[in-house]
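Visitor: Mind folding the following:
(chains A, B and C)
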Amino acid sequence: MSDYAGIREVDVAVIGGGPAGIAAAIAARKEGALKVVVFERDWEAGGILQQCIHPGFGLHMFGLELTGPEYMDRYLKQAYEAGVEFALNTMVFQMDPPAETDGRKTASFWIMSPKTGIEKVHAKSVVLAMGCRERPAGALGIAGSRPAGVYTAGTAQRFVNMEGCMPGKKAVIMGTGDIGLIMARRMMLEGAEVVAVFEIMPWVSGLRRNVAQCLDDFGIPYYLEHSVCELHGKDRLEGISVVKIGKDRRPVDGTLRFVGCDTLLLAVGLIPENELSRMAGVEISPLTNGPVVNDFLQTSADCIFASGNVVVVYDLVDFVSEAGERAGSSAALYAMGKLSKPRELPIETTPNIRVVSPQKLCGGRDTTVFVRVAEPIEGRCRLFAEPGIFSQTLRYARPGEMNEVKISAEKFRALPETEKCVRIGIEAF
Amino acid sequence: MTLNEETKKFICVSCPVGCLLKVTVQGKDVLSVEDNGCPLGIKYAKNEIANPVRTFTSTVRVSGAHLPVCPVRSRIPLPLSKMRDVAREVAKVQAIAPISIGQILIEDVCGTGSDIIASRSLS
Amino acid sequence: MQGFVKENGNYDVLIIGCGIVGATIARELSRYTMKIAVLEKASDIPFGASRANSSMIHGGFDDEPGSAKAKFCPKGNRMYHRLHEELDFKLRKFGSFVCAKGESEERHLKKLFEQGKANGAVGMEIVSGQKLREKEPHTAPDITAALWCESGAIVNNFEATLAFIDNARQNGAALFMETSADGLLFDETRSSVRGVSTNRGNFRAPVVINASGVYTDVISRMAGDDSFIIHPTRGEYFIFDRTVGGMVTSFLFSCPSALGKGITVTHTADDNLLIGPTSVQQAGRDNRNTTVPGLDETFDGARRLVPGIPRNMAITTFSGVRANINTGDFYIKALDRPRGFINVAGIKSPGFTSAPAIAEYVAELMRENLGDVVKFENDPAFVPERKHIPRFIDLPNEERARLAKSDPKWGQIVCRCESVTEAQVVEAIRRGARTVAAVKLWVRPGTGRCQGGFCSPRVVEILSRELGISPLEITRHGGDSYMLTGKTKQPLLPESAQ
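Guide: Below you'll find the model as predicted:
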């Protein structure tokens, strides 16, 4: 007798119960898919937003400044009302490459939970919504010892906001990603000391308002073009060495100094989590580290869609939810055999654009292409999609903030047959 | 510019755009706001000069729940100057599960006129 | 209070240090009825050079014929090919290449080949650069020839060390962690050892084996033998994400220089890519810091073998300190005076490979020299086999399903990068892991690409639950390496309420 708990057949399977996955599941139900199941590895849905207890979510979606749990509460209520099913405490640990049945691709994967053991799932379509992870200290090759007290900001956030424990008493923050800035304030409000924030680049990578309300409000200094280069301390962290970085990107002689602290929190980048996508054979973009998608948020495997930070790391959860909706409704249409894709054009970008998502356009409906510049343009510039699709004047463009390129389906469809791509870019005036 | 006029620059935190506002003030009176992307910036600048306020968020200890702490927020923004007092007040709370989202845990915290409410349900 | 010293029992033999040398000796001696105690200073096993090395089981062509290294290394290699099954640790028969660039290095390959033949190494062949690149397409185009050695293998060095000591313990050996040998005990005339004094009191035994790695000379001097000096030598490494582990499928050496075997590149037993080590003598025995120039040298050296290694795929860096000895060769000796004291020193590369063969030799040495004080009676209850904690990541789905059905903890993934379940963590704790690092060495949560970002709160929680102590008492690696510094809210409450 087999020890497998069985096989589940679903119409749309959503992997990950964070903001992207929940929005996708709701949209899939609304689009008409019957059996829509969210597979979530944690004991509750909501994803990382459950630990993001600060305000700042939902301005686009609800016109309100909600906290992470409040934002998710609204979405989860909608999901239950829409008839979305949940498999909680359930890990998708293996994905198979899509199989072809009756001329259509279908997906299958393996799940496991303490309650039911191992099951196989067959799905007419899948939405990948696994989110992202933080770049760890080890990846940076920081010299020195290996003491306790070095955490990514998100791990510290979990300890503080979910487990009620303090990761340290006197912290230095490395990197200016939003979670780092948020955690600087959070640590202060829990009575810890935050000595300083150091950023290796000449600009802040998080939102500017977080510099204002998390650092300036609390008198926490931050230093741009500074690199944390060495850890000190045998058991617990005792301090770090920091050095100024010159215009040539090399350390400046004579600027090395010691900063005492028992905790180092890292906010040095987020990486989409695509292990399952790779197992399924989905094409991954080396620039976004996420699947290459079209405006349906469809990956290179027809029956697999992807949304949220698993595709590209967004600035705002509102954008993630929006992407989730798009992916969910596309996946539902695919599951019902109704997704038509008359034409697909690649997007080409100007060299100053570092990230673009989606990378292809089909013109199914009006859509937004998100772009991120490689380096700041401080001054008026023009964001465009050509030929003749979109043009907007910006006051500036910065790597920390995504820009939205609105693509009208009507204009896209009107493009002459001879056009082989859509060009998107930013030019300074 | 008259003698007691002065120009201040600060970042608007009303939305994720974070406009760098240029605000001309005379004492506590805002004479003009420039470089704001939307009307929220004007409101923010006036507040910031008169009495800066922020939404306060933290956690309270809770017993009998799946988690040892429950996230909370101030219902409305509080004076920035009161943040640390409010944090100390919130630290004293020991709530008992079940808690439902929106439940008041401290009324009119530190005389600010805002309640501290649960920002999630917890059982 | 002076005068009171805790007595920690009487043994037949004490082994100082639980690296691969101490662990293999303990396991070898546990075949007999003698009473064994292993004293380990650290909180996790392995801790010293056995933890931080290239995890290579060398073929045995590197060493001068006639040396102790040349004697023990090929024998150790053959033993590992059997032991990994008996003791269930990961060993993968990838084979190794020594890569030569140009004529003079090619001449060196021939020398190694001849040396290997003399030492009894097996499965060697000199191949062309082109042949190398057929098997290893990412290797540098200017490599002109390579010495292939089929018997070169890769182990999971954490698992291997743990396997030996785990089996020794199953067969009755006692292990004392966080126990440092501060002095030796002698009889009145200092003609024989009587035991070891430690921070936990005195351990008494007529035989003391010094397997303390970089500290062997310090401990040897306590016994009056100052005939060798250890020069701690640091080596720095990078580990890369699994997605690039497949860039090589075997173990690649540069042509050796006077400094050592140079920077190597390998596919690890767990499918990562590992590069290193540098070789820098230093004063400190415990200084395992990485350095900016060291890491750069490692990376540049590795790129001479495999030019395309992407630095941004590194997941962590580490350094190890090896016990280089001034006399060159392994130094294994039973002292005449004080009797009962055995040095097993200078066991640097190929020390890991040689360890099981050294352990057999040490047992013989004891039997010959100390047979009167320690009886070598076979223990009829000795069980040579031992099982590691099942590795969820390597199991077929049928077996995973069976385990998940048998215990829900097998159905709960704790570490998503390395697919480690709660059951594995619980079992590691049952077998002695007390710290976050120890759990990581046993079953790998935190060794993957997120480096513990997601799983470390879970590991702290499970350690706290299983050990029945507060999460605030959980350390990263013993001592004062606390993971957490307190509860939230406490710093904000008035003193009286804390």
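Visitor: so where is the stretch 1-150 of chain A shaky, pLDDT-wise?
Guide: A:1 (pLDDT under 70).
Visitor: residues from it in reach of chain C?
Guide: A:2-5, A:41, A:89, A:91, A:93-94, A:110, A:112-118, A:133-134, A:136-139, A:141-148 (C-beta under 8 Å from any C-beta of the partner chain). C-beta: built from backbone N, CA, C; applies to glycine.
Visitor: Which SSE is immediately downstream of the longest helix anywhere in chain B?
Guide: In chain B, assigned by DSSP state H, the helix with the most residues is helix B:40-50. Sequence order places strand B:53-54 as the next helix or strand after helix B:40-50, per DSSP states H and E.
Visitor: Quick check on the residue nearest to C:Gly102 when sequence neighbours are not counted: phi, psi?
Guide: With sequence-adjacent residues excluded and distances taken as C-beta to C-beta, 6 or more residues apart in numbering or on different chains, C:Gly102 is closest to C:Thr144, at 6.1 Å. With angles defined as degrees, to the nearest 10, C:Thr144 sits at phi -100, psi -30.
Visitor: check contacts around C:Thr144.
Guide: By C-beta atoms under 8 Å, 6 or more residues apart in numbering or on different chains, the residues touching C:Thr144 are C:100-103, C:105-106, C:128-129.
Visitor: Equivalent analysis for A:Ile353, please.
Guide: A:371-374, A:424-426.
Visitor: which one among the residues you listed gets closest to chain B?
Guide: A:Arg372 (14.3 Å; C-beta to the nearest C-beta).
Visitor: Buried ones only from the contacts of A:Ile353, please, as a ChimeraX command.
Guide: Here is the ChimeraX command that selects the buried residues among these (16 or more other C-beta atoms under 10 Å in any protein chain shown):
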select /A:371,372,373,424,425,426
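Visitor: now the contacts of A:Ile353 as TSV including secondary structure, distance to chain C and pLDDT?
Guide: Putting these into TSV (DSSP: H, G, I helix; E, B strand; the rest coil; distance: C-beta to the nearest C-beta, whole Å; pLDDT from 0 to 100) gives the following:
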residue	secondary structure	distance to chain C	pLDDT
A:Val371	strand	22	96
A:Arg372	strand	18	94
A:Val373	strand	20	94
A:Ala374	coil	16	93
A:Ile424	strand	26	97
A:Gly425	strand	26	96
A:Ile426	strand	25	96
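Visitor: which one of the contacts of A:Ile353 is nearest C:Leu335?
Guide: Proximity of the contacts of A:Ile353 to C:Leu335 (C-beta to C-beta) peaks at A:Ala374, which lies at 67.0 Å.
Visitor: you'd agree that closest one is up against A:Thr350?
Guide: No. Counting by C-beta atoms under 8 Å, A:Ala374 does not reach A:Thr350; the two are 10.0 Å apart.
Visitor: With respect to B:Lys8, which of the contacts of A:Ile353 is nearest?
Guide: Proximity of the contacts of A:Ile353 to B:Lys8 was ranked by C-beta to C-beta; the top entry is A:Val373 with 28.8 Å.
Visitor: who touches the closest one in this structure?
Guide: A:352-354, A:397-399, A:403, A:426.
Visitor: Not counting sequence-adjacent ones, nearest residue to it?
Guide: Per C-beta to C-beta, 6+ apart, closest to A:Val373 is A:Ala397, 4.7 Å.
Visitor: so the one you found touches A:Arg382, yeah?
Guide: No. Between A:Ala397 and A:Arg382 there is no contact under C-beta under 8 Å: 9.7 Å.
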